[in-house]
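Visitor: Here you go, sequence then predicted model.
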Amino acid sequence: MINLDDLPIRVGLGQFREISDERLAFIKQCGVDDFQMNTPTLPGDGKWAYEDLAKLVEKSENVGLRLMALENVPNVFWDKIMLGLPGREQQLENMIETVRNIGKAGIPILGYHFMPNGVWRTSQNAVVRGGATATSFHLQQAVTADADEQREYCRSPSVSDTVGQEKTEEEMWENYDWYLERILPVCEEAGVRFALHPDDPPVESLAGISRLFYKFENFQRAMDQFNSPMHGLDFCHGCWSEMRGGEGVTDALRHFGQRGQIFYVHFRDVQGTADHFTECWLGEGNCDPAESIRTLKEVGFNGFLIPDHVPHLIDDTDWGHRGRAWTVGYIKALLAAVKV
C-alpha cells in the first residue's frame with residue numbers, strides 16, 4: 001500500500017474508466033505521477049475481484065505511475081443500499097468483498113457519493129471563453145422537465161430509472177447511516193480511505209429524491225458521526241463553489257483540512273450558484289484558486305488535485321485531453337507560485 005503521508009501536494013489526473021498505453025503515456029507527458037479512475041470498467045456481477053484490481057495496479061507501476069484512487073463503483077453495485085430497498089444486504093456483502101479486494105490490491109482510496117440519481121446537467125454545450133464549451137445546470141429547467149427530459153439530464157444512464165421515486169431527507173440519512181455503520185469498519189480493516197464527494201449539483205432534492213451533501217452542516221454531521229482516519233472527503237472544489245456562489249469554500253477547506261479529513265481534491269470552478277451555474281476555467285469562476293491552494297498548504301494537506309471536469313477546446317477528445325493538459329499546467333504553476 002502506498003504511504004500517503006510521505007507525499008507532497010501534487011497534481012493528478014483521472015476521470016476515466018479504462019487504462020490504455022496511450023492514456024498512461026499522456027499522464028507521464030503531463031509530468032504527473034498519480035491518477036485515479038472513475039467507475040472503472042471491470043468484470044464482476046455486483047463486485048470487483050482482487051485479480052482485476054491488481055492488474056490495474058501492476059500496469060500503472062510498470063510505467064512509473066501510482067493508481068491512487070478508484071472513484072465510485074457502478075450504481076447497480078449499491079443502488080438498493082442508497083435507496084433502502086430489499087436486496088441491500090446482499091449488495092453490502094458484495095461491497096465488503098470489493099473494499100477488501102481494493103485494499104489487498106494496494107489502492108489506498110475509494111471515493112464515494114450518496115446520489116441515487118447521480119450527477120445532473122441541463123446543458124453539455126454552454127459557451128465559455130473563446131468559444132470553448134462546458135456543462136451547465138439550471139434548477140428551474142430541471143424541476144419543470146418531464147420524466148424523459150429528466151432522464152436526459154441525468155449524466156449516468158445507470159441511475160436514470162430512479163426518476164419518479166421519492167425519498168425524504170430523513171429516509172436518506174437512515175440509509176446513509178445504515179451503510180456507513182457497516183462499511184467503515186471494513187475500510188479500517190482493509191486500510192482503504194473512504195472519500196465522500198458532494199452532491200452534484202448541491203441542491204436539496206431532485207426528481208423526488210432528497211440529497212444530503214449540499215451544505216456544510218451535513219458534511220460536518222457525516223464526518224463527526226463517522227469519525228475515523230479512514231473517512232474523509234473527496235473535496236470537489238466546484239461543488240463547494242456552487243453551494244454559495246464561491247462563499248465558504250476556503251472556510252470548508254480550513255475546517256476539514258485541519259482535521260486531516262480531505263483526502264484529495266477535484267480542482268475546478270463554476271460561475272454562478274447551485275440553482276444556475278456554468279462550469280468554467282480555473283481563474284474565471286467564483287473562487288480565487290491561488291487562495292484555495294494557499295489554504296490547503298496552511299492546513300497541511302498533502303494529497304493530490306485533479307482537473308476533474310474541464311471545458312472542451314477546439315479539436316479536443318471526448319475525455320478532454322487538451323483541456324486537461326491546460327488545467328494541469330495551470331495547477332502546477334499555482335503550486336510553484338505558492339511554493340508548496
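Guide: Perfect, I can see it now.

Visitor: And the contacts of stretch 208-217?
Guide: 113-117, 162, 164-169, 171-173, 176, 196-199, 202-205, 218-219, 222, 243, 248, 251-252, 255, 274 (CB atoms under 8 Å, 6 or more residues apart in numbering). The C-beta positions use only the backbone N, C-alpha and C, and glycine is treated the same way.

Visitor: Name the residues of that stretch that come out as buried.
Guide: 209, 210, 211, 212, 213, 214, 215, 216 (16 or more other CB atoms under 10 Å).

Visitor: Contact partners for residue 96?
Guide: Neighbour list for residue 96: 182, 183, 186 [criterion: CB under 8 Å, 6+ apart].

Visitor: Secondary structure element holding residue 270?
Guide: According to DSSP states H and E, residue 270 maps onto strand 269-273.

Visitor: need the next SSE after that strand, C-terminal direction.
Guide: Next element after strand 269-273 (DSSP H and E): strand 276-280.

Visitor: report the angle between the axes of that following strand and strand 269-273?
Guide: Here the directions of strand 276-280 and strand 269-273 differ by 170 degrees (axes from the mean of the first three to the mean of the last three CA atoms, to 10 degrees).

Visitor: elements contacting the strand holding residue 270?
Guide: Where contact means 3 or more CB pairs under 8 Å, 6 or more residues apart in numbering; DSSP states H and E, strand 269-273 is packed against helix 237-243, strand 276-280.

Visitor: Tell me the helices and strands packed up against the first one.
Guide: The contact analysis (3+ CB pairs under 8 Å, 6+ apart) places helix 237-243 against helix 249-258, strand 262-266, strand 269-273.

Visitor: Averaged over its residues, which helix or strand of the protein has the lowest pLDDT?
Guide: Scoring the helices and strands of the chain by mean pLDDT, DSSP states H and E places helix 147-153 at the bottom, with a mean of 83.

Visitor: Distance from the helix or strand just after that one to the middle of the chain?
Guide: Next in sequence after helix 147-153, counting helices and strands by DSSP H and E, comes helix 169-190. Its chain's C-alpha centre and that of helix 169-190 lie 18 Å apart, by CA atoms, centre = their mean, to the nearest Å.

Visitor: Buried by neighbour count: which residues of helix 169-190 qualify?
Guide: Here helix 169-190 shows 172-173, 175-176, 179-180, 182-184, 186-188, 190 as buried, counting by 16+ other CB under 10 Å.

Visitor: neighbouring contacts of it?
Guide: Identification of contacts with helix 169-190 by CB under 8 Å, 6+ apart yields 78, 81-84, 88, 92, 95-96, 99-100, 102-104, 110, 114, 167, 193-194, 204-205, 209-212, 222, 225-226, 228-231.

Visitor: could you redo the last one with a cut-off of 7 Å?
Guide: 81-84, 92, 95-96, 99-100, 102-103, 114, 194, 210, 212, 226, 228, 230-231 (CB atoms under 7 Å, 6 or more residues apart in numbering).

Visitor: which of those residues are buried?
Guide: For the contacts of helix 169-190, buried by 16+ other CB under 10 Å: 81-84, 92, 95-96, 99-100, 102-103, 114, 194, 210, 212, 226, 230-231.

Visitor: quick one on the thing from earlier: give the PyMOL command for selecting the buried subset of the contacts of stretch 208-217.
Guide: Filtering those down to the buried ones (16+ other CB under 10 Å) takes a single PyMOL command:
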select buried, resi 113+114+115+116+117+162+167+172+173+176+196+197+198+199+202+203+205+218+219+222+243+252+255+274
